[in-house]
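A.B. asks: I need the structure of the sequence given here:
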Amino acid sequence: MKKRFAIIGLGNFGFHVAKTLFEDGNEVIAIDLDRHRVQRIEPFCTEAIVMDATDKDRLKALGLDVMDCVIISTGTRISVSILICLHLQEMGVKKIMAKALDEDHAKILKKVGASDIIQPEKDMAVRVSRVLSMPNVLDFISLAEDYNLFQVDPPRAFIGKSLRELDLRAKYNIYIIAVKEMVPENFIVVPPADFVIKDSDLLIMLGKSEDIRHVKTLQ
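C.D. replies: Residues are numbered from 1 along each chain as shown. Now for the predicted structure:
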């Protein structure tokens with residue numbers, strides 16, 4: 001279903017967020033004070049607007065409170081993003097995602113109404129580090145402070161054994177919540193206890209990073 005988004009700040013990050021959301025079939029309003037940035041995004045959004053988003057009256061006139069999410073991606077002037085976030089919160093915007101420059105900036109944005117914080121450099125650093133330190137991890141999705149969702153190749157010790165035999169919850173404190181079979185191609189959600197793991201399978205595991213690392217040593 002088509003959703004409605006507004007992106008405030010059209011630097012590289014904001015531009016690509018707006019473009020991707022629009023290409024996925026969503027309604028996208030793109031806003032920036034810089035006319036050249038607005039002209040650049042025009043082919044890739046529903047509406048492109050040149051305006052100072054710190055102007056509360058003009059911001060309110062856009063009706064952003066009906067958006068599914070407003071994303072704040074302004075530059076290095078911390079006060080600008082904080083003020084915009086405050087305005088959006090007072091306008092009743094349901095979901096506000098804001099790009100933070102550092103941890104202190106993130107804390108302030110949370111205090112003034114941001115529901116989600118984006119720290120692109122930090123988030124990418126964590127992702128790259130996971131791949132380097134855990135090479136059997138094919139994909140990584142952060143769920144919470146301690147628990148994560150991983151897509152991994154099956155350890156050699158798992159191959160040819162059923163989930164019942166492996167008893168992963170008791171032995172390793174991890175859960176296999178889905179299996180992507182490659183031969184033949186199939187996707188199994190919550191595989192049964194008698195499912196036997198093959199070397200061509202991809203396992204979607206839920207667990208703590210330290211427990212996944214332990215499983216890695218079973219290779």
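A.B. asks: and stretch 104-124, how far out from the chain middle?
C.D. replies: Relative to the mean C-alpha coordinate of its chain, stretch 104-124 is positioned 13 Å out (CA atoms, centre = their mean, to the nearest Å).
A.B. asks: next one: stretch 21-32
C.D. replies: What separates the centre of stretch 21-32 from the centre of its chain is 17 Å, taken as CA atoms, centre = their mean.
A.B. asks: list the buried residues for that stretch?
C.D. replies: With burial defined by 16 or more other CB atoms under 10 Å, the residues of stretch 21-32 counted as buried are L21, F22, N26, E27, V28, I29, A30, I31, D32. C-beta here means a position set from N, CA and C on the backbone, and glycine is covered the same way.
A.B. asks: ok, stretch 105-115 next?
C.D. replies: By neighbour count, with 16+ other CB under 10 Å as the criterion, the buried positions of stretch 105-115 are H105, A106, I108, L109, K110, V112, G113, A114.
A.B. asks: K198 - how many residues pack around it?
C.D. replies: 14 (other CB atoms under 10 Å).
A.B. asks: how far away is it from K161?
C.D. replies: The spacing between K198 and K161, counted by CB to CB, to the nearest Å, is 10 Å.
A.B. asks: domain ranges for the protein?
C.D. replies: The chain resolves into domains spanning 4-118, 129-216 when parsed by automatic domain parsing.
A.B. asks: I'd like these as JSON lines, with mean pLDDT appended.
C.D. replies: Formatted as JSON lines, the entries for the domains of the chain read as follows, by pLDDT from 0 to 100:
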{"stretch": "domain 4-118", "mean pLDDT": "94"}
{"stretch": "domain 129-216", "mean pLDDT": "80"}
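A.B. asks: buried deepest among those domains, which one?
C.D. replies: Per residue and on average, the most neighbours among the domains of the chain fall to domain 4-118, with a mean of 18 (mean count of other CB atoms under 10 Å).
A.B. asks: so what's the gap between it and the chain middle?
C.D. replies: Relative to the chain's own centre, domain 4-118 is displaced by 16 Å; criterion: CA atoms, centre = their mean.
A.B. asks: straight-line length of that domain, end to end?
C.D. replies: Between the opening and closing residues of domain 4-118 lies a distance of 19 Å (CA to CA, to the nearest Å).
A.B. asks: please apply the same query to stretch 4-16.
C.D. replies: 16 Å.
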